[in-house]
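1. got a sequence here, can you build the structure:
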Amino acid sequence: MRLLLLGGTEFVGRAVAEAALERGWEVTVFHRGTHAAPPGARVLHGDRTAEGGLAALAEGAWDAVVDTWSAAPSAVRDSARLLAGRVGRYAYVSSRSVYGYPTPVGTDESAPVVDGSPDDGEVPYAEAKRGGELAALDAFGDRALLVRAGLIVGRYENIGRLPWWLNRIARGGPVLAPGPRDLALQFIDVRDLADWTLDALAAGLGGPYDLVAPPGHSSTGELLEACAAITGSDAELRWTAPEAIAAAGIEPWTQLPFWVPPGEFHDTMHGASVGKALAAGLRCRPTADTVADTWAWLRSIGGVAPHRPDRPAVGLDPQAEAEALAG
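-> Residues are numbered from 1 along each chain as shown. Modelled structure (predicted):
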């Protein structure tokens, strides 16, 4: 397979590029040159947001494209139109955020989606991803694969969620652990996302697929206890009720990554049905494997994960944690 990555040097794109190279695929990475491409990939440079920024893609043919763009949909529109006659299939890494909020437990690909346009410039995240989907569909039709990912974790993560928990628990001492301990979490290891996407392209799949681990695949307790075991920490996980966390003024999701209390937001984030992807071969590795791989990568780069400048920092300030635990 000849694969073109639009991006391919950070997080999801890099994981897809490395997985394709491991399969012996011929991989071309189109990017701005800010970060190094994976060894073994052919490199093309360009800036999708600049006038004439796609010039390097004016020639060439590929069996498939993977596009991870999450900003203005017009950039997806322009690349998809340019490549439509020279590429077999177009995989757009979208998001479950395209569904109208809230989504009840068991929501699947048939749920209503937000409005969007392939011609949009900068718009909110959900609308941007929906616009990107429409751009891919407009140019490729049933040759477009829409990978509606849930929460993505693992090596190369540049949002900071799992790296924050690993570093916090590695530091030891009393840790504010948001309860209930058995609260279900849904996320997907970036390697599993990469493998499924490549398999789907090779199989000629098209249309939308929700991509996240099955319901009940993990829990808050399993995740944080795996962090303690993998780091060898003496951390004391102090399970704290959602009511106490709210009373302390601590924000779910951002200050306590992954976690949201039981209710509407939790059902939306962690209640997806993924039967369609499972039937199409999705396999999700155990939580402990994801945590171990992320910790090994984090240590290999000195413990400080990269951070996307367009995303807010995550994690709880030590003083706020101490005050909540004391209260």
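
2. check which residues of the longest strand along the chain are buried.
-> For the chain, the strand that runs over the most residues, judged by DSSP state E, is strand 87-95. Buried residues in strand 87-95, counted by 16 or more other CB atoms under 10 Å: 87, 89-95. Using the backbone N, CA and C atoms, a C-beta is placed for each residue, glycine as well.

3. and that strand, what does it pack against?
-> In terms of contacts (3 or more CB pairs under 8 Å, 6 or more residues apart in numbering; DSSP states H and E), strand 87-95 is packed against strand 62-67, helix 73-83, helix 125-140, strand 144-149, helix 190-203.

4. make CSV out of the ones you listed and add mean neighbour count and distance to L224.
-> Shown next, in CSV, are the helices and strands packed on strand 87-95 (neighbours: other CB atoms under 10 Å; distance: least, CB to CB, whole Å):
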stretch, mean neighbour count, distance to L224
strand 62-67, 24, 32
helix 73-83, 22, 37
helix 125-140, 24, 27
strand 144-149, 24, 23
helix 190-203, 21, 20
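
5. so which of the ones you listed is nearest S110?
-> strand 144-149 (12.0 Å; CB to CB).

6. so Q255 touches A313, yeah?
-> No: counting by CB atoms under 8 Å, Q255 does not reach A313; the two are 9.9 Å apart.

7. just to revisit the earlier point, run the chain-centre distance for the longest strand of the chain.
-> Strand 87-95 has its average C-alpha position 15 Å from the chain's average C-alpha position, going by CA atoms, centre = their mean, to the nearest Å.

8. please apply the same query to stretch 102-111.
-> Counting by CA atoms, centre = their mean, stretch 102-111 is centred 19 Å from the centre of its parent chain.

9. ok so, going back, for the longest strand of the chain, what is the average pLDDT?
-> On average, the pLDDT along strand 87-95 is 98.

10. so which of the helices and strands packed on strand 87-95 is nearest Y209?
-> strand 144-149 (6.2 Å).

11. other SSEs contacting the closest one?
-> Strand 144-149 packs on strand 87-95, helix 125-140, helix 190-203, strand 207-211, going by 3+ CB pairs under 8 Å, 6+ apart.

12. can you put those in JSON lines and add distance to H270?
-> As requested, those are exported to JSON lines (distance: least, CB to CB, whole Å):
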{"stretch": "strand 87-95", "distance to H270": "15"}
{"stretch": "helix 125-140", "distance to H270": "17"}
{"stretch": "helix 190-203", "distance to H270": "17"}
{"stretch": "strand 207-211", "distance to H270": "13"}
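
13. ok, which of these comes nearest R285?
-> Using CB to CB, the helices and strands packed on strand 144-149 put helix 190-203 closest to R285, at 6.1 Å.

14. relative to strand 87-95, how tilted is the closest one?
-> 150 degrees (axes from the mean of the first three to the mean of the last three CA atoms, to 10 degrees).

15. if we can go back for a sec, relative to W259, which of the helices and strands packed on strand 87-95 is closest?
-> Once the helices and strands packed on strand 87-95 are compared by CB to CB, strand 144-149 is nearest, at 19.0 Å.

16. what's the very next helix or strand once past the closest one in contact with?
-> Where DSSP states H and E defines the elements, the next helix or strand beyond strand 144-149 is strand 152-153. Surrounding strand 152-153, the residues in contact under the criterion CB atoms under 8 Å, 6 or more residues apart in numbering are 11-12, 161-162, 187-190, 193, 290, 294.

17. pairing partners for the longest strand of the chain, with directions?
-> Using DSSP bridges, the strands paired with strand 87-95 are strand 62-67 (parallel), strand 144-149 (parallel).

18. identify the residues contacting the first one?
-> By CB under 8 Å, 6+ apart, the surrounding residues in contact with strand 62-67 are 1-8, 13, 16, 28, 76, 79-80, 83, 86-93, 132, 136, 197, 201.

19. strands along the stretch 151-300 of the chain, start to end?
-> 152-153, 174-178, 184-185, 188-189, 207-211, 218-219, 236-240 (DSSP state E, counting those that start in this stretch).

20. ok, which of these comes nearest G302?
-> strand 152-153 (19.7 Å).

21. next one: the closest one to chain centre, how far?
-> Distance, centroid of strand 152-153 to centroid of chain: 5 Å (CA atoms, centre = their mean).

22. and what of stretch 240-256?
-> Worked out by CA atoms, centre = their mean, stretch 240-256 lies 24 Å from the chain centre.

23. all helices for the stretch 151-300 of the chain, in order.
-> For the stretch 151-300 of the chain, the helices defined by DSSP state H, counting those that start in this stretch occupy 161-171, 190-203, 220-231, 242-247, 264-270, 275-279, 287-300.

24. quick check: buried residues in the shortest one?
-> Judged by neighbour count (16+ other CB under 10 Å), helix 275-279 contains these buried residues: 276-277.

25. any idea of the mean pLDDT in stretch 124-141?
-> According to the model, stretch 124-141 has a mean pLDDT of 98.

26. send the alpha carbons of it over as CSV?
-> Extracted C-alpha coordinates of stretch 124-141, given in CSV (Å, rounded to 0.1, in the frame of the first residue of the first chain):
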residue,chain,number,x,y,z
PRO,A,124,-15.6,25.3,17.2
TYR,A,125,-14.2,21.8,17.4
ALA,A,126,-17.3,19.8,16.8
GLU,A,127,-18.4,21.9,13.8
ALA,A,128,-14.8,21.7,12.5
LYS,A,129,-14.7,18.0,12.6
ARG,A,130,-18.2,17.7,11.0
GLY,A,131,-17.1,20.1,8.3
GLY,A,132,-14.0,18.0,7.7
GLU,A,133,-16.2,14.9,7.3
LEU,A,134,-18.4,16.6,4.8
ALA,A,135,-15.3,17.8,2.9
ALA,A,136,-14.0,14.2,2.7
LEU,A,137,-17.4,12.9,1.6
ASP,A,138,-17.9,15.6,-1.0
ALA,A,139,-14.6,14.7,-2.7
PHE,A,140,-14.5,10.9,-2.2
GLY,A,141,-18.1,9.7,-1.6
